[in-house]
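Participant: after the sequence you'll find the predicted model.
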Amino acid sequence: MKFQLQHQDPHSKARTGLITTDHGEIPTPIFMPVGTAGSVKAVHQRELETDIDAKIILGNTYHLYLRPGLEVLTNAGGLHGFNGWKRPILTDSGGYQVYSLGENRKITEEGVIFKSHIDGSKHTFTPESVMDIERTIGADIIMAFDECTPYPCEYRYAKNSMDMTHRWLKRCIERVQTTQPLYGHSQALFPIVQGSTYKDLRTESAAFIASQNQPGNAIGGLSVGEPHEAMYEMTDLVCSILPADKPRYLMGVGTPENILECIALGVDMFDCVMPTRNARNGMLFTTQGIINIRNEKWKNDLSPLDTELGGYASTFYTKAYLRHLIISKEILGAQIASIHNLTFYLWLVKQARQKIEEGIFTEWKTKMVKQVANRL
């Protein structure tokens with residue numbers, strides 16, 4: 001994997017760049033649709049490529065390990081062969097899913113023992129086994145195994161967890177360095193900065209992660225319930241320490257305004273389930289603001305969802321028709337809404353890249369943050 005820095009905004013830390021992988025190029029800043037179980041919910045791969053123009057999607061190590069399982073993925077030639085997606089893929093390490101299991105998991109120095117949410121069977125993730133699983137899945141970018149701390153989190157717990165995440169990272173790096181990719185394309189390991197919302201811990205963690213000299217770096221443990229101001233403060237701090245010549249990935253973020261604010265702080269990569277999850281519940285993100293399509297006011301609105309976006313779903317279907325589908329619980333409604341929201345998210349980061357290149361990002365961002373958060 002290579003990363004080339006291209007433009008720097010004169011009035012903020014926003015920048016554009018280009019990540020090059022064996023499965024294609026990824027212009028940054030970029031939003032990555034989440035495909036937890038090997039698919040982005042309710043969206044065909046064809047639509048991801050043509051309508052949405054997603055440059056990279058995510059797979060989830062925990063879910064893919066449990067189902068369909070490593071034997072199926074190996075036989076298919078990895079996730080690319082299994083789901084037919086030809087562009088880059090990133091896999092998380094399962095750390096967040098293990099965190100969300102609560103009482104169904106036990107964390108030790110060796111790794112994590114957990115019960116499957118599917119059938120209650122017992123499994124163990126270690127830094128080494130997770131690297132092996134991510135080799136088997138075959139993503140272009142693979143995440144180190146970490147512990148995601150909750151919010152709020154006591155200082156002592158946050159520090160102990162961060163220290164363990166650092167020790168786990170060394171084991172992840174060693175495993176990756178002593179094994180080979182399985183399907184003929186390279187894989188890049190991204191370490192994850194932790195430390196909750198404590199400045200000294202985030203500073204220490206960012207410095208340690210930077211010192212490991214991996215192809216890219218991620219910021220974890222945010223967007224877990226902390227105030228937006230705390231998220232921005234920690235992101236700004238970490239971005240000031242992580243090397244500028246490598247991509248920075250803020251995990252699990254977020255709303256359109258979160259993404260715009262964090263681009264301004266120097267983040268290059270984002271992912272979140274929000275555009276697809278909210279779509280299935282009738283929330284649409286548009287260039288003019290947020291629509292709850294279930295509201296009565298859209299019942300007779302025969303205007304397209306959003307003509308500014310382009311794309312078939314956003315320009316062909318009307319608000320009245322989509323409202324009817326969502327209210328009727330028609331599967332097509334979830335599909336149209338999901339494609340529309342992802343089209344919007346990819347439009348937003350493309351616009352951000354363009355405004356950075358033109359040197360007017362900050363002015364544009366100030367206007368857009370208010371616009372995209374507006375409730376219509």
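Facilitator: The structure has been received and is ready for your questions. The shown structure was predicted, so the numbers you read here are calculated from the model rather than taken from an experiment.
Participant: which residue, other than its chain neighbours, is closest to the residue at the greatest distance from the centre of the chain?
Facilitator: Of all residues in the chain, residue 300 has its C-alpha farthest from the mean position, at 35.7 Å, by C-alpha atoms, centre = their mean. With C-beta to C-beta, 6 or more residues apart in numbering as the criterion, residue 300 has its nearest non-adjacent residue at 5.8 Å, and that residue is residue 320. In this view, the C-beta of every residue, glycine as well, is placed from N, C-alpha and C.
Participant: doesn't that neighbour lie inside a helix?
Facilitator: Yes. With DSSP: H, G, I helix; E, B strand; the rest coil as the criterion, residue 320 is located in a helix.
Participant: what does the pLDDT read for it?
Facilitator: What the model reports as pLDDT for residue 320 is 98.
Participant: isn't it up against residue 296?
Facilitator: No. Taking C-beta atoms under 8 Å as the contact criterion, residue 320 and residue 296 are not neighbours in contact, 11.1 Å apart.
Participant: quick one, which of those two is more surrounded?
Facilitator: With other C-beta atoms under 10 Å as the criterion, residue 320 and residue 296 differ in neighbour count, and residue 320 comes out ahead with 14 against 7.
Participant: residue contacts, the more buried one?
Facilitator: 298-302 (C-beta atoms under 8 Å, 6 or more residues apart in numbering).
Participant: make it 6 Å
Facilitator: Contact analysis of residue 320 by C-beta atoms under 6 Å, 6 or more residues apart in numbering lists 300-302.
Participant: can you put the residues you listed in TSV and add pLDDT?
Facilitator: Rendered in TSV, the data for the contacts of residue 320 read as follows (pLDDT from 0 to 100):
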residue	pLDDT
300	98
301	98
302	98
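Participant: of all these, which comes closest to residue 261?
Facilitator: Using C-beta to C-beta, residue 301 is the member of those that sits closest to residue 261, with 30.7 Å.
Participant: quick one: neighbours of residue 37, just the number.
Facilitator: Burial measure for residue 37: 14 neighbouring residues, criterion other C-beta under 10 Å.
Participant: where along the stretch 1-150 of the chain do the helices fall?
Facilitator: Ranges of helices in the stretch 1-150 of the chain, per DSSP state H, counting those that start in this stretch, are 45-49, 61-66, 70-76, 79-83, 95-100, 127-137.
Participant: out of those, which is closest to residue 351?
Facilitator: Residue 351 sits nearest to helix 45-49 of all the helices of the stretch 1-150 of the chain, at 19.3 Å, using C-beta to C-beta.
Participant: residues in contact with that closest one?
Facilitator: Identification of contacts with helix 45-49 by C-beta under 6 Å, 6+ apart yields 54, 84-85, 339.
Participant: and the helix or strand encompassing residue 339, what does it pack onto?
Facilitator: Under the criterion DSSP states H and E, the helix or strand holding residue 339 is helix 331-358. Packing partners of helix 331-358 (3 or more C-beta pairs under 6 Å, 6 or more residues apart in numbering; DSSP states H and E): strand 30-32, helix 274-280, helix 312-316, helix 319-327.
Participant: buried residues in that helix?
Facilitator: Using 16 or more other C-beta atoms under 10 Å as the test for burial, helix 331-358 gives 333-353, 355-356.
Participant: residue contacts, residue 135?
Facilitator: residue 182 are the contacts of residue 135 under C-beta under 6 Å, 6+ apart.
Participant: quick one: the helices in the stretch 151-300 of the chain?
Facilitator: Along the stretch 151-300 of the chain, the stretches classed as helices by DSSP H, counting those that start in this stretch are 155-177, 199-211, 228-239, 256-263, 274-280.
Participant: how about low-confidence regions in the chain?
Facilitator: Within the chain, the set of residues satisfying pLDDT under 70 comprises 99.
Participant: quick revisit: out of the helices and strands packed on helix 331-358, nearest to residue 184?
Facilitator: Taking C-beta to C-beta as the criterion, strand 30-32 is the member of the helices and strands packed on helix 331-358 that comes nearest to residue 184, at 22.9 Å.
Participant: for that closest one, name the packing helices and strands.
Facilitator: Checking 3+ C-beta pairs under 6 Å, 6+ apart, strand 30-32 ends up next to strand 269-271, helix 331-358.
Participant: let's go with 10 Å and repeat that
Facilitator: Contact partners of strand 30-32 among helices and strands, from 3 or more C-beta pairs under 10 Å, 6 or more residues apart in numbering; DSSP states H and E: strand 15-21, strand 269-271, helix 331-358.
Participant: columns distance to residue 241 on top of those, output as JSON lines?
Facilitator: Supplementary listing: the helices and strands packed on strand 30-32 in JSON lines, determined by distance: least, C-beta to C-beta, whole Å:
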{"stretch": "strand 15-21", "distance to residue 241": "16"}
{"stretch": "strand 269-271", "distance to residue 241": "17"}
{"stretch": "helix 331-358", "distance to residue 241": "22"}
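Participant: quick one, which of the ones you listed is nearest to residue 235?
Facilitator: Going by C-beta to C-beta, the one of the helices and strands packed on strand 30-32 nearest residue 235 is strand 269-271, 11.1 Å.
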